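K.L.:
sharing a model prediction with you, sequence too.
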Amino acid sequence: MSNFVFVRDTQKRPLNPIRPGLARKLLTTGKAAVFRRYPFTIILKVEVTVPQKPITLKLDPGSKTMGIALVQGENVIFGAELTHRGQAIKASRESRRSLRRGRRNRHTRYRKARFLNRTRPKGWLTPSLQHRVETTLTWVTRLIKVAPISSVVQELVRFDLQQIENPEISGVEYQQGVLCGYEIREYLLNKWERKCAYCGVVDTPLQVEHIHPKAKGGSDRISNLCLACEKCNIKKGTQNIEQFLSKKPEVVKRILSQAKRPLKDATAVNSTRWALFNRLCMTGLPVSTGSGGLTKFNRTRLNLAKTHWLDAACVGRIESLKVLINKPLLIKATGHGTRQMCRTDKFGFPSRYVPRFKFVKGFQTGDIVKAVVTSGKKVGIYVGRVAVRTSGSFNISASELVSGISHKYCSLVHRKDGYSYAA
């Protein structure tokens, strides 16, 4: 079953989400109208008085993809996966920096060095990281407007890094409890890409292994741990890694280097966690938190698949979950375009003109349209993001790019809002 349908009353206040079948019936009988396509929301045409059931919004932040889930009681009624564009922002800024530096280093007028005229406020984040916070807040605000959300639960830390570095920090009760080993193992699975560090085998049970053997004084610190398959673990035994891989010096170099390297994705998440938490608190809703180890423990205990939106549903302390949907709404941040008046080549020189007016025949690039082509070589129905052309012949990105679709065949589905969607 797909996601539940959001409902707003005649005053545009959020009501309890309903099943798609009931929403279809309301639309067919004329008691409701489509208010928004993504996420699908209807607005009632008649007054209703229904007691509101509180809904918890759960977030599983990731460096590339954010998991979102709405839980009503123990029922998961909505799921979404939000893909960030942090890497695209970083690449764009690096490109701009190289172009500007190239222009300054050529035979141009002398520019005085400016190194001390920029100050960064407290809590400043790089644009690629700030984007993750702002995009998440955008969707939290949207969901608050269409559902009676009463609380927010955020996975505050992907990994309990302090617990990993000092296993005795929380005492024996933590170490010997039900979460024993979950934080460290989840960290290692991400750091070593879920494969054996020695032979590279995947899709097999992996064991936590000491790079420098514990029998020879090796510590339990995270920098001395890796993952190995049972065969490699038994074969290595208590040998030093240099002795075990004496014929593979390049593998030894890679493992020792990777063991010392911090987890880049975890660092990105940990850099934005408090900024996101503080912004969530500003919504006025009660905000609680959970760790990544607890999330995995809940997902494993409930025998749920490893997906971003189900991870979000498992954030925090829960007893049981009943998943009433089988697929999430896939959201991808695409941005709102660029303010460049002309495009440049790889050397930074103008290469082509950009139209000043963005609307063509009532459409603009980024709108989601439905094109029903009834004649010609491209007969069919296409739904996707449109790229407008001044000539009125558009390109539509559906499952694949379709070029040369006349504006006469297009009808608007969803206005451009900086995101693309897929069910």
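P.N.:
Ah, there it is. Residues are numbered from 1 along each chain as shown.
K.L.:
can you give me the helices in the stretch 301-423 of the chain?
P.N.:
Taking DSSP state H, counting those that start in this stretch as the test, the helices found in the stretch 301-423 of the chain are 308-313.
K.L.:
might you calculate how far stretch 203-213 sits from the centre of the chain?
P.N.:
Chain-centre distance of stretch 203-213: 29 Å, with Cα atoms, centre = their mean, to the nearest Å.
K.L.:
for the remainder of this discussion, apply numbering that starts at 245.
P.N.:
Right, with 245 as the first residue, what we last looked at is stretch 447-457.
K.L.:
list the buried residues for that stretch?
P.N.:
By neighbour count with 16 or more other Cβ atoms under 10 Å, stretch 447-457 contains the buried residues 450, 453-457. (Each C-beta comes from the backbone N, C-alpha and C, glycine too.)
K.L.:
where in the chain is pLDDT low?
P.N.:
245, 351-359, 361, 401-427, 506-510 (pLDDT under 70).
K.L.:
can you pull up the most central residue in it?
P.N.:
Centroid-nearest residue in the chain: residue 309, 1.6 Å away (criterion: Cα atoms, centre = their mean).
K.L.:
from what I can see it touches residue 326, true?
P.N.:
Yes: Residue 309 lies in contact with residue 326 (Cβ atoms under 8 Å); the separation is 6.7 Å.
K.L.:
any residues in contact with both of those two?
P.N.:
Residues touching both residue 309 and residue 326 (Cβ atoms under 8 Å, 6 or more residues apart in numbering): none.
K.L.:
the helices in the chain, which residues?
P.N.:
Taking DSSP state H, the helices of the chain run over residues 264-272, 330-349, 371-390, 405-409, 415-419, 426-435, 474-480, 485-488, 493-504, 508-525, 536-545, 552-557.
K.L.:
for the last one, which outside residues touch it?
P.N.:
Meaning helix 552-557. 302-304, 306, 309-313, 315, 320, 323-325, 399, 539-540, 543, 548, 565, 567, 572.
K.L.:
could you measure from residue 431 over to residue 567?
P.N.:
Counting by Cβ to Cβ, to the nearest Å, the gap from residue 431 to residue 567 is 27 Å.
K.L.:
please say which of those two ends up with more neighbours.
P.N.:
residue 431 (22 against 19; other Cβ atoms under 10 Å).
K.L.:
how does this protein divide into domains?
P.N.:
Using automatic domain parsing, the domain parsing of the chain gives 249-288, 299-329+370-405+508-577, 406-504, 586-660.
K.L.:
out of these, which one sits most buried?
P.N.:
domain 299-329+370-405+508-577 (a mean of 19; mean count of other Cβ atoms under 10 Å).
K.L.:
about what we covered before: in strands, which of the contacts of helix 552-557 appear?
P.N.:
Among those, DSSP state E puts 302-304, 309-313, 315, 320, 323-325, 399, 567 in strands.
K.L.:
which one of the residues you listed sits closest to residue 281?
P.N.:
Nearest to residue 281 among the ones in strands among the contacts of helix 552-557 is residue 324, at 14.0 Å by Cβ to Cβ.
K.L.:
quickly list what the residue nearest to the centre of the chain is bridged to.
P.N.:
residue 327 (DSSP bridges).
K.L.:
what's the distance between it and residue 254?
P.N.:
With Cβ to Cβ as the criterion, residue 309 and residue 254 are 36 Å apart.
K.L.:
just residue 644 next, same as before
P.N.:
Counting by Cβ to Cβ - residue 644 and residue 254 are separated by 42 Å.
K.L.:
circling back: figure out which of the helices of the chain is closest to residue 250.
P.N.:
Of all the helices of the chain, helix 371-390 comes closest under Cβ to Cβ, at 3.9 Å.
K.L.:
got the angle for the closest one vs helix 508-525?
P.N.:
Put simply, helix 371-390 runs at 40 degrees to helix 508-525, going by axes from the mean of the first three to the mean of the last three Cα atoms, to 10 degrees.
K.L.:
now the angle between strand 309-316 and helix 371-390, please.
P.N.:
Using the same axes, to 10 degrees: helix 371-390 against strand 309-316 is 20 degrees.
K.L.:
what is helix 371-390 packed up against?
P.N.:
strand 249-252, strand 258-262, strand 299-304, strand 309-316, strand 319-327, helix 330-349, helix 508-525, strand 573-577 (3 or more Cβ pairs under 8 Å, 6 or more residues apart in numbering; DSSP states H and E).
K.L.:
export those to JSON lines and tack on distance to residue 284?
P.N.:
Formatted as JSON lines, those follow (distance: least, Cβ to Cβ, whole Å):
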{"stretch": "strand 249-252", "distance to residue 284": "5"}
{"stretch": "strand 258-262", "distance to residue 284": "10"}
{"stretch": "strand 299-304", "distance to residue 284": "16"}
{"stretch": "strand 309-316", "distance to residue 284": "13"}
{"stretch": "strand 319-327", "distance to residue 284": "10"}
{"stretch": "helix 330-349", "distance to residue 284": "27"}
{"stretch": "helix 508-525", "distance to residue 284": "25"}
{"stretch": "strand 573-577", "distance to residue 284": "9"}
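K.L.:
nearest to residue 661, of the ones you listed?
P.N.:
strand 573-577 (10.3 Å).
K.L.:
list the pairing partners of the closest one within its sheet, with orientation.
P.N.:
strand 319-327 (parallel), strand 663-666 (antiparallel).
K.L.:
now residue 527: how far from residue 538?
P.N.:
From residue 527 to residue 538 the distance is 23 Å (Cβ to Cβ).
K.L.:
actually, residue 610.
P.N.:
39 Å.
K.L.:
ditto for residue 478
P.N.:
Applying Cβ to Cβ to residue 478 and residue 538 gives a distance of 32 Å.
K.L.:
do residue 375 as well
P.N.:
27 Å.
K.L.:
now residue 304
P.N.:
12 Å.
K.L.:
list residues touching both of those two?
P.N.:
If you check residue 304 and residue 538 against Cβ under 8 Å, 6+ apart, the residues they both contact are residue 559.
K.L.:
so what's residue 575 closest to, chain neighbours aside?
P.N.:
Sequence neighbours aside, residue 326 is the residue nearest to residue 575 in space, at 4.6 Å (criterion: Cβ to Cβ, 6 or more residues apart in numbering).
K.L.:
pull the contacting residues for the one you found.
P.N.:
Neighbours of residue 326 in contact, by Cβ under 8 Å, 6+ apart: 309-312, 379-380, 383, 575-577.
K.L.:
many thanks, have a good one.
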